[in-house]
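Asks: Next comes the sequence, and after it the predicted model I'd like to discuss.
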Amino acid sequence: MFYPKIISLLLVFSFIIGNLCAQTSVKPEKLYDNLAYREAINFYESKDELNLEDMTKIANGYRLNHDTENAALWYEQVVAQSDDPIHHLHFAQALQSNGSYEMAKKYFLLYNQMIGNHSSDQRGTQLAAAIDRMNDWKNETDVVLKEEKTINSPNLDFSPTYYKDGIVFVSSRKLLSDQKDKWTGDHFMNLYYATQNDEGELEEVASFSKIINSKYHEGPVAFNKSYNKIFFTRNDHVKGKIRANKKGVMKLGIFTAMNNGDQWTTPKPLNFNTKEHEECHPTLSADGTHLYFASDRPGGEGGMDIYVAKFKGGKWGEPRNLGPNINTPGNDAFPNIHDDGTLYFASDGWGGLGGLDIFQSNKDEENQWKKAENMGQPYNSRKDDFGFVMNILGTEGYFNSSRDGGSGKDDIYSFNRNIESVDQVEKILKSGNKENGNITIYNFINNKFSADNPKEVKDAIKSVQANVAVSKSKKSIIINAPDKVVEPPLPLPIEPIIPQPILNEPKIASTGQNTIIPITESEKIEANSKAPYETFEAKKEIKVGEVFVLKNVYYEYNEHIPLVEGYKELDRVVKFLKEKPEVSIELSSHTDARGRTRYNTYLSRKRAESAKAYLLKKGISSERIKAKGYGETMLINKCADGVKCDESKHQLNRRTEIKILKL
């Protein structure tokens, strides 16, 4: 069986037992049969005369190394002599990736004609129809793409995953040795970690872990919300002992490990891995109880399919295929399940702009997956696009592409979207479906729903039949879905709510204007910040450089979405900026001293960006707002590292301020 084009991207760069040296005595057939495609191509192309079988193997070799230009050249020779339908399909796919849409459509239809209209495989018709619909797919014009040149290499760089204050990704750049995979002629895959600087730029690429990385392939990863448990793709070996299939090939499996504070434990394979088939590309649901992954195990729709396993009774249950609304006779892989329940994945079976395209799907009222939708441009191109991840607000993220103009074979791109982040939070709230056990959603904010009115919230999500409870502090909403979660693999990733002490009520000035003093006088004396403790509206005149603390724009520990009360104050900022269109401000956020300094800087920037996103939603121009995170560098009391303070004093440091930049 020849693996489809997607397999070379799926990390099925099989390790062959024994060493196949590139010597003239080695026959190209032997290299090809042992999946050493790159070396086999060199041998075949050096022959004086080629037959149909030789040309087919050259074409397949280029296809399996996602070299679509050379693949199309050789498949053109093959289809002129062969009546095998699969070669016509592969030729059409290569043509489409090269931008030859009309010719690709012709061969897609020819493929369907050759296999018969009554076949269950209707890819030809579907892929041809998709070419006609390309102009109908959405094109998000307000999305800004950027190739992450600081971390991309001339090799393969793909499948980014959020991790602490940066990302973990896969790369074939040289790490442990000069040994190369004979499938691709490239180095083996390993995991790398790139941190974000204070401006949000990726930098400082380093090996992720000596324990997780090995001399074989490591692939796409997933973490729980606490970042102390990892699921990742790996060639099937434990402590150096390989497990090969009947053909002597190490298949892919999903492994897991725990972080004990200093390092990762020895990886262990999951119980549902198979010896003869691939299990790869894990992604974990927000509550940690459902693991989605890709596999070519029997019983699917064809090629690679996406499955889900549920943690129950202390172990992962039997994986379940997601069905024909997600999977196709082609290849469906690289799943990512977002916190709001949306599934993003890559497919070459649904039809798109070319190669792998990124698709999305949600569940309906009956908890069934809706038919996959193409994400359109700019996420998709005529080349391979996959590995889509996005932050919880849906405002930014990363994906991979082999599109023209990049630094290497596959490159990591970042994107920023101008969307209404509050609507995204509402979407997360409404996603309390049967698969989500206990979901705690902090700081639900919406114009028409309020944490003070649980009835309205109940009405908003009655379609999922969830029980809603509002915390005593009215700072969060807890949704208990009907299906109780039993024995989750780890404590729920979102920590239970700790009621925060109520801050002092604001004092009202005799003038009738609000002078907000959210801390006591003794705390004010204790403060080492020069920021005044009044809101901007308490002054008739303002000057460039003045700084004002916003009332009640505070945050739960380790969270970057303001507490509910904070949005009322942000509405006052909106009113102020609309009344004074000549004013530009710096919106700064600060953390308490707990946690790592670098992480606190990152967290405060996210907090400032979250507040800015709310102002943008309300119609304030982005040019008038500069979001800045200062981390723990500007504490307003003595609660520094090593100083014992109660929670109320720590919370005072988790504040947002406004500085007048321009009049």
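Replies: All right, it came through fine. Computed from a predicted structure; not experimentally measured. Numbers count the residues shown, from 1 in each chain.
Asks: which residue packs closest to residue 653, ignoring adjacent ones?
Replies: In space, and not counting its chain neighbours, residue 653 is closest to residue 592: 4.1 Å by Cβ to Cβ, 6 or more residues apart in numbering. Every C-beta, even on glycine, is put in place using the N, C-alpha and C of the backbone.
Asks: The one you found reaches residue 648, doesn't it?
Replies: No. Taking Cβ atoms under 8 Å as the definition, residue 592 is not a contact partner of residue 648, at 11.0 Å.
Asks: Contacts only, for residue 193.
Replies: Taking Cβ atoms under 8 Å, 6 or more residues apart in numbering, we find residue 193 in contact with 163, 166, 167, 168, 205, 206, 207, 208.
Asks: Just confirm the residue nearest to residue 653 is within a helix.
Replies: No. Remark: residue 592 does not belong to a helix; assigned using DSSP: H, G, I helix; E, B strand; the rest coil, it is coil.
Asks: Counting neighbours, what do you get for it?
Replies: Neighbour count of residue 592, defined by other Cβ atoms under 10 Å: 24.
Asks: what does the model give it for pLDDT?
Replies: As summarised for this prediction, residue 592 has a pLDDT of 85.
Asks: ok, it to residue 27 distance?
Replies: 67 Å (Cβ to Cβ, to the nearest Å).
Asks: for stretch 310-328, how far is the first residue from the last?
Replies: Using Cα to Cα, to the nearest Å, the end-to-end distance of stretch 310-328 comes to 22 Å.
Asks: quick one: residue 81 and residue 52 touch, right?
Replies: Yes. With contacts counted by Cβ under 8 Å, residue 81 reaches residue 52, the gap being 5.1 Å.
Asks: can you list the domains in the protein?
Replies: 1-419, 432-480, 521-662 (automatic domain parsing).
Asks: Do I have it right that residue 166 meets residue 194?
Replies: Yes. The criterion here is Cβ under 8 Å, and residue 166 meets it with residue 194 at 5.1 Å.
Asks: Tell me who's in contact with residue 400.
Replies: Counting by Cβ under 8 Å, 6+ apart, residue 400 has contacts 157, 158, 159, 160, 384, 385, 386, 387, 410, 411, 412, 413.
Asks: Mind putting those residues into JSON lines with neighbour count and pLDDT?
Replies: Shown next, in JSON lines, are those (neighbours: other Cβ atoms under 10 Å; pLDDT from 0 to 100):
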{"residue": "157", "neighbour count": "27", "pLDDT": "91"}
{"residue": "158", "neighbour count": "28", "pLDDT": "93"}
{"residue": "159", "neighbour count": "30", "pLDDT": "94"}
{"residue": "160", "neighbour count": "28", "pLDDT": "95"}
{"residue": "384", "neighbour count": "28", "pLDDT": "92"}
{"residue": "385", "neighbour count": "28", "pLDDT": "95"}
{"residue": "386", "neighbour count": "30", "pLDDT": "96"}
{"residue": "387", "neighbour count": "30", "pLDDT": "96"}
{"residue": "410", "neighbour count": "26", "pLDDT": "90"}
{"residue": "411", "neighbour count": "24", "pLDDT": "93"}
{"residue": "412", "neighbour count": "29", "pLDDT": "95"}
{"residue": "413", "neighbour count": "21", "pLDDT": "96"}
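Asks: what two of the residues you listed have the greatest distance between them?
Replies: 160 and 384 (15.1 Å; Cβ to Cβ).
Asks: picking up where we left off before, any idea which of the domains of the chain scores lowest on pLDDT?
Replies: domain 432-480 (a mean of 38).
Asks: hey, where'd the strands end up in the stretch 51-200 of the chain?
Replies: Counting by DSSP state E, counting those that start in this stretch, the stretch 51-200 of the chain has strands at residues 144-147, 157-163, 166-171, 180-181, 186-187, 190-196.
Asks: Quick one: residues in contact with the second one.
Replies: With Cβ under 8 Å, 6+ apart as the test, strand 157-163 has contacts from 9, 151, 167-173, 193, 219-223, 227, 281, 334, 386-387, 389, 391, 398-400, 407-408, 410-412.
Asks: That one: partners in the sheet, and parallel or antiparallel?
Replies: strand 166-171 (antiparallel) (DSSP bridges).
Asks: Hmm, residue 613 and residue 622 touching each other?
Replies: No. With contact defined as Cβ under 8 Å, residue 622 does not count as touching residue 613 (9.8 Å).
Asks: the more surrounded of those two?
Replies: residue 613 (21 against 12).
Asks: doesn't that one fall inside a helix?
Replies: Yes. Residue 613 forms part of a helix when assessed by three-state DSSP.
Asks: picking up where we left off before, and which of the contacts of residue 400 is nearest to residue 296?
Replies: residue 386 (16.3 Å).
Asks: which residues are common contacts for residue 81 and residue 52?
Replies: By Cβ under 8 Å, 6+ apart, no residue touches both residue 81 and residue 52.
Asks: any idea how far residue 615 lies from residue 571?
Replies: For residue 615, the distance to residue 571 - Cβ to Cβ - is 10 Å.
Asks: Looking at these two, which one has more neighbours?
Replies: residue 615 (21 against 14).
Asks: Spit out the contact partners of the more buried one.
Replies: 570, 573, 574, 577, 587, 625.
Asks: Neighbour count, distance to residue 315 and secondary structure for the residues you listed - can I get that in a markdown table?
Replies: Converted to a markdown table, the contacts of residue 615 look like this (neighbours: other Cβ atoms under 10 Å; distance: Cβ to Cβ, whole Å; DSSP: H, G, I helix; E, B strand; the rest coil):
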| residue | neighbour count | distance to residue 315 | secondary structure |
| --- | --- | --- | --- |
| 570 | 22 | 46 | helix |
| 573 | 25 | 51 | helix |
| 574 | 16 | 51 | helix |
| 577 | 22 | 55 | helix |
| 587 | 26 | 47 | strand |
| 625 | 21 | 49 | strand |
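Asks: so where do the helices sit in the stretch 1-150 of the chain?
Replies: 6-9, 28-33, 37-45, 52-63, 68-79, 85-97, 101-115, 123-132 (DSSP state H, counting those that start in this stretch).
Asks: quick one: which of these is nearest residue 268?
Replies: helix 6-9 (25.1 Å).
Asks: so residue 90 makes contact with residue 56?
Replies: No. The pair residue 90 and residue 56 fails to qualify as a contact (Cβ under 8 Å) at a distance of 9.7 Å.
Asks: what comes up buried for stretch 286-306?
Replies: 286-297, 300-306 (16 or more other Cβ atoms under 10 Å).
Asks: Stretch 656-663 now?
Replies: Those would be 656, 657, 658, 659, 660, for stretch 656-663 by 16+ other Cβ under 10 Å.
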